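> Have a look at this prediction, sequence included:
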Amino acid sequence: MDVIDLHNYQSQNIKDKHGTDVYHLAFMHIPLSEFTEFSNHGEFYGVQEERVSCPNINLGLFDHIKKNGDISGAFGGHDHMNNMTSWYEGVELAYGQKSGYGTYGRKRGARVITLKEHYNQEGSAKISSKSPYNLSKWNDYPTRFSEKRR
């Protein structure tokens, strides 16, 4: 089972168990190829101090993320000097930032994701996240993303 099969399998299992109004965050070390797309067009906030290091071949995971419609944000790492974030084709794509010592890059930091559970009229939980790179901007998972996705 490859990562796309695993994503599709888990996505369907969660929908079967909890319904379709459930949203997730994805965390991965190597950023998706789509990070390069928003980087090349300058459509992001935050800092880019090195090129995006992603696979040369787009394996299609992002297309499945969009098709399944249940991942609101995907977070990548690997590139120690980037902390940029973008809204890309209905999904928030964001870097973490180097947080430790002993690797390249002088700036250390972190992306802080604060999850808050609150319930709508049907009793479904809603999750919120606040990015430290733009403190006036709240990313409301899934409300903010659901509105832009439509």
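Thanks, I have it. Quick caveat, the model's predicted, so the values are computed rather than measured.
> Tell me who's in contact with the residue nearest the centre of the chain.
For the chain, the residue lying nearest the average C-alpha position, counting by C-alpha atoms, centre = their mean, turns out to be Ala74 (1.8 Å). The neighbourhood of Ala74, defined by C-beta atoms under 8 Å, 6 or more residues apart in numbering, consists of 25-28, 32, 62, 65, 91-94. For glycine as for every other residue, the C-beta is placed from the backbone atoms N, C-alpha and C.
> On the three-state scheme, it is what?
Three-state call for Ala74 (DSSP: H, G, I helix; E, B strand; the rest coil): strand.
> For it, list each beta-bridge partner.
Ala74 forms beta bridges with Ala26, Leu93, as assigned by DSSP bridges.
> Quick one, grab the pLDDT at it.
Reading off the per-residue confidence, Ala74 sits at a pLDDT of 90.
> and what of Lys137?
At Lys137, the model reports a pLDDT of 37.
> Are there helices or strands packed against the one helix or strand Asp16 maps to, and which ones?
With elements taken from DSSP states H and E, the one containing Asp16 is helix 3-18. Packing contacts for helix 3-18, counted by 3 or more C-beta pairs under 8 Å, 6 or more residues apart in numbering; DSSP states H and E, involve helix 61-68.
> still on that earlier bit, between the contacts of Ala74, which is closest to Ser39?
Taking C-beta to C-beta as the measure, Ser39 sits nearest to Leu93 out of the contacts of Ala74, at 9.7 Å.
> give me the low-pLDDT residue ranges for this structure?
Regions of the chain meeting the criterion pLDDT under 70 cover residues 115-150.
> Where do the helices of it begin and end?
Listed from the start of the chain, the chain has helices (DSSP state H) covering 3-18, 34-40, 61-68, 143-149.
> Output the ones you listed as a markdown table; include the columns distance to Thr103.
Formatted as a markdown table, the helices of the chain follow (distance: least, C-beta to C-beta, whole Å):
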| stretch | distance to Thr103 |
| --- | --- |
| helix 3-18 | 25 |
| helix 34-40 | 19 |
| helix 61-68 | 26 |
| helix 143-149 | 32 |
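> Figure out which of those is closest to Gly102.
The minimum distance between Gly102 and the helices of the chain falls on helix 34-40, with 24.4 Å, by C-beta to C-beta.
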